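> Requesting a structural model of the entry that follows:
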Amino acid sequence: MVKTIEENFGTKLVVLHWEGMNKVINVISDSSTTITDALTDFLCDYAGFNRVFAEIVARAFVTVVL
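All right, here's what the predicted structure looks like:
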């Protein structure tokens, strides 16, 4: 299913890959800001999201997971 989504949108869903999860954890642990800000920066820098969409995804992730 992940591969199908990636092919349809033309981008990798890094949050669903082991390597991506490790990068996210490293960014969060090295960040001196909030988790939401760290996730937003990660999505912008590594996944190529624009800042507004990255903030929405980061806030949703923090709300649901944490």
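> where does this structure dip in pLDDT?
1-3, 5-6, 8-18, 20, 66 (pLDDT under 70).
> List the buried residues for the lengthiest helix in it?
In the chain, assigned by DSSP state H, the helix with the most residues is helix 51-65. Using 16 or more other C-beta atoms under 10 Å as the test for burial, helix 51-65 gives 54-55, 57-58, 61. The C-beta positions use only the backbone N, C-alpha and C, and glycine is treated the same way.
> can I get those residues in TSV with distance to Thr4?
What follows is these, written out as TSV (distance: C-beta to C-beta, whole Å):
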residue	distance to Thr4
Ala54	23
Glu55	26
Val57	19
Ala58	24
Phe61	21
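> and which of those residues is nearest Asn22?
Of all the buried residues of helix 51-65, Asn22 sits closest to Phe61, with 16.1 Å by C-beta to C-beta.
> And the closest one, how far from Val52?
Distance of Phe61 to Val52, computed by C-beta to C-beta, to the nearest Å: 15 Å.
> Check whether Gly48 sits in a helix, strand or coil.
Three-state call for Gly48 (DSSP: H, G, I helix; E, B strand; the rest coil): coil.
> Share the number of residues neighbouring it, please.
If you count neighbours by other C-beta atoms under 10 Å, Gly48 ends up with 11.
> for the host helix or strand of Asn26, which positions count as buried?
Following DSSP states H and E, one finds Asn26 within helix 18-30. For helix 18-30, burial by neighbour count (16+ other C-beta under 10 Å) applies to 20, 23-24, 27-28.
> Could you tell me how many residues sit around Cys44?
Residues lying near Cys44 (other C-beta under 10 Å) number 16.
> From Arg51, how far out is the most centrally placed residue in the chain?
In the chain, the residue lying closest to the centroid (C-alpha atoms, centre = their mean) is Leu43, at 4.3 Å. Between Leu43 and Arg51 the computed distance is 9 Å (C-beta to C-beta).
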